[in-house]
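Asks: Here is a sequence together with a model predicted from it:
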Amino acid sequence: MDEIVKVRGPVEVELKDLHYQFVPIITDTELWLNDMSLPNSPHVELMRVLLSMIEAKTFIWDEIKKTRYYKDRIFKIEHGMGDKAYAKKKILARYEVLKSIRKHGFKRRGNAKYPIVVLQEPFWKTRFGYEADWLRGPEIWDGGGRCAIAWVFGIRSVPAYIYQDAAPGIKGSAKFEEKLKHVKGLFNNN
């Protein structure tokens, strides 16, 4: 995590206050309804669909394909980010985690053992100066799936490490090198 530096933690954070990471061009803001908040997220929608399938003891890909999460993954694939096999693997992994949590409980899965990582302010704002009314922190850096699962199970706060951008304003990012190929010139990258 050379891109960010730890500020404090672990501390409890309210899930309703968290936002998912926005990446220009790679994030379809229409699918997100111009709202990157966790409660509104395609991630939470997917978890609700998966949980209903677990409860019904069924698994229907056609229902998953209707979710904003799946459509968001397809949008990313169309813009050079991953492939359908990776998207399917990720969805199936979340299905298995949900089944385990439903059976054993959330805390047993290590929620307290593995805090999420949250940035004080959105990375694309601090690093690239990208501004939007609906883009605000704190932003989930790592643990978005766990946050969505917690929300669906009625958990409203989770432990988190709080981080900040290690190099605000440099307009470059090793972690996002591949993504930056898609937005080259948008931020006058150095």
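Replies: Noted; the coordinates are in hand.

Asks: ok, residues contacting the longest strand along the chain?
Replies: Ranked by number of residues, the top strand in the chain under DSSP state E is strand 4-14. Strand 4-14 has contacts (C-beta atoms under 8 Å, 6 or more residues apart in numbering) with 115-120, 123, 138, 141, 156-166. Glycine gets a C-beta too; all of them are placed from N, C-alpha and C.

Asks: Separate out the buried members of the residues you listed.
Replies: Using 16 or more other C-beta atoms under 10 Å as the burial test, those include 115-119, 123, 138, 141, 158-163, 165 as buried.

Asks: Now, the residues you listed that are in strands?
Replies: 116-119, 141, 158-163, 165.

Asks: now those residues as a markdown table including pLDDT and distance to Tyr20?
Replies: A markdown table is the format used below for those (pLDDT from 0 to 100; distance: C-beta to C-beta, whole Å):
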| residue | pLDDT | distance to Tyr20 |
| --- | --- | --- |
| Ile116 | 91 | 12 |
| Val117 | 95 | 13 |
| Val118 | 96 | 11 |
| Leu119 | 96 | 11 |
| Trp141 | 94 | 10 |
| Val158 | 89 | 15 |
| Pro159 | 91 | 18 |
| Ala160 | 94 | 14 |
| Tyr161 | 95 | 17 |
| Ile162 | 97 | 17 |
| Tyr163 | 96 | 16 |
| Asp165 | 95 | 17 |
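
Asks: List the buried residues in the longest helix seen in the chain.
Replies: The longest helix of the chain (DSSP state H) is helix 84-104. Using 16+ other C-beta under 10 Å as the test for burial, helix 84-104 gives 87, 91, 94-95, 97-98, 101.

Asks: Contact partners for the spatially most central residue of the chain?
Replies: Central residue of the chain (C-alpha atoms, centre = their mean): Gly144, 3.9 Å from the mean position. Shown in contact with Gly144 (C-beta under 8 Å, 6+ apart): 20-21, 41, 43, 116.
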